[in-house]
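Asks: Take this sequence and fold it.
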Amino acid sequence: MQDSNSTVPIVKDGCGIFGVIRKKHAPQISNLTAVNGISCIKYRGSNLGAGYASFENETPASRKFYKIKAFVRDGSIAKKIETQLSKLGPLEDVHVTLPKTDRARFGILEANLTRHTDYDTQLEYLVDEINSNLLSVERVDGRIFSFGRHVNVYKEVGYPLEVAKLTGLDTDSKKADLWIAHTRQPTNSPGRLPIWSHPFASLDCAIVHNGDISSFGANIELLNSWGLKSHAGTDSEVIARLLDHLLRIEKLSIEPIRKKHLRSNRPPTHEIQKRAIRRSVCSNRRILRR
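Replies: Modelled structure (predicted):
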């Protein structure tokens with residue numbers, strides 16, 4: 001495959017991914033570390049999408065706000081999203097940036113949603129409802145792509161450095177405890193819109209991914225069974241949504257998953273999986289007895 005910006009034939013067999021985490025007692029990591037890291041493997045991607053996500057531990061802002069980001073077709077779409085999000089609480093620091101010359105690009109809505117109580121689940125389902133109304137077979141009017149307290153996603157269509165410039169990450173402007181980054185080589189979904197760029201996030205879970213997921217259909221059905229029905233159509237997005245749900249609702253923990261066992265005060269993994277299946281997929285007991 002030949003890169004569109006190069007005359008030299010190069011082999012592209014997948015996307016490029018990057019990640020870095022702060023050590024204990026070390027200073028926070030600059031966004032430029034992520035930009036330089038993913039730019040080193042720009043050749044693995046294309047000009048069809050790149051992005052970054054940062055994670056910060058508890059801060060005064062994270063205790064008070066959800067950070068909302070959405071792609072919007074125009075100002076009227078931004079206003080609709082604002083109105084719907086206001087059902088959960090007041091929005092502060094609302095800012096809408098619309099492209100002045102390049103109409104092929106989407107605008108960005110940014111806002112802080114006041115968090116009076118812990119209503120992660122209500123926000124998850126409200127975002128799913130809003131995104132369902134923005135996406136159809138015929139038209140894409142926008143999409144909320146970041147809505148966590150600790151996670152902040154920056155993504156667009158373009159190469160990593162181009163996206164960094166578009167999102168304000170080309171200067172030493174952001175510090176975080178963890179960064180992930182991605183440069184995209186589309187395989188099984190379109191690449192002309194930023195809604196398909198990585199990272200994908202659900203509340204405070206964000207992922208970047210390289211490869212194809214064979215269980216995509218089954219994953220979509222599981223999400224649908226939970227009432228989450230707005231999907232951008234890429235197999236990578238469902239990973240973030242499933243991971244968030246399993247951590248937050250099913251109460252699995254990252255560390256036991258990493259060690260391939262759960263803490264002693266938790267039931268075995270297969271028991272948790274069986275409970276989730278009973279609640280989410282197999283309401284008919286006769287199916288379980290087969």
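
Asks: Okay, strands next: where are they in the chain?
Replies: 16-21, 29-30, 50-55, 65-72, 91-97, 107-114, 142-146, 151-156, 175-176, 178-183, 200-202, 205-207 (DSSP state E).

Asks: average model confidence for the fifth one?
Replies: To tie it back to what came earlier, the one meant is strand 91-97. Strand 91-97 carries an average pLDDT of 96.

Asks: Mind giving me the packing neighbours of that strand?
Replies: strand 65-72, helix 75-85, strand 107-114 (3 or more CB pairs under 8 Å, 6 or more residues apart in numbering; DSSP states H and E). Every C-beta, even on glycine, is put in place using the N, C-alpha and C of the backbone.

Asks: Please work out which of these is packed deepest.
Replies: Of those, the one with the most neighbours on average (mean count of other CB atoms under 10 Å) is strand 65-72, at a mean of 23.

Asks: Which elements pack onto that one?
Replies: helix 75-85, strand 91-97, strand 107-114, strand 142-146, strand 151-156.

Asks: For F18, which of these is the nearest?
Replies: When the helices and strands packed on strand 65-72 are compared by CB to CB, strand 151-156 sits nearest F18, at 13.5 Å.

Asks: I'd like to know how many residues surround G51.
Replies: 30 (other CB atoms under 10 Å).

Asks: Please tell me how far the closest residue to it other than its chain neighbours sits from L178.
Replies: Nearest in space to G51, with sequence neighbours left out and distances taken as CB to CB, 6 or more residues apart in numbering, is K155 at 2.7 Å. Noted for K155: a distance of 16 Å to L178, by CB to CB, to the nearest Å.

Asks: Those two: which is more packed in?
Replies: K155 (29 against 19).

Asks: what sits against that one?
Replies: Residues in contact with K155 (CB atoms under 8 Å, 6 or more residues apart in numbering) are 49-52, 145, 163, 167, 182, 194, 197-199.

Asks: Please identify which of those residues is nearest to I213.
Replies: H198 (13.3 Å).

Asks: tell me the phi and psi of the closest one?
Replies: Taking degrees, to the nearest 10, you get phi -90, psi 160 for the backbone angles of H198.

Asks: Need the per-residue pLDDT for the closest residue to it other than its chain neighbours.
Replies: Closest residue to H198 apart from its sequence neighbours, by CB to CB, 6+ apart: H182 at 3.7 Å. Note on H182: pLDDT of 96.

Asks: From K87, how far out is S132?
Replies: Shown here: S132 relative to K87, a distance of 15 Å by CB to CB.

Asks: whoops, I mixed them up, L252
Replies: Distance, L252 to K87, by CB to CB: 30 Å.

Asks: between the two, who's got more neighbours?
Replies: More crowded of L252 and K87, by other CB under 10 Å: L252, with 19 against 10.

Asks: For this protein, which segments count as helices?
Replies: 31-39, 60-64, 75-85, 120-134, 160-166, 216-225, 237-248, 254-259, 269-280, 285-289 (DSSP state H).
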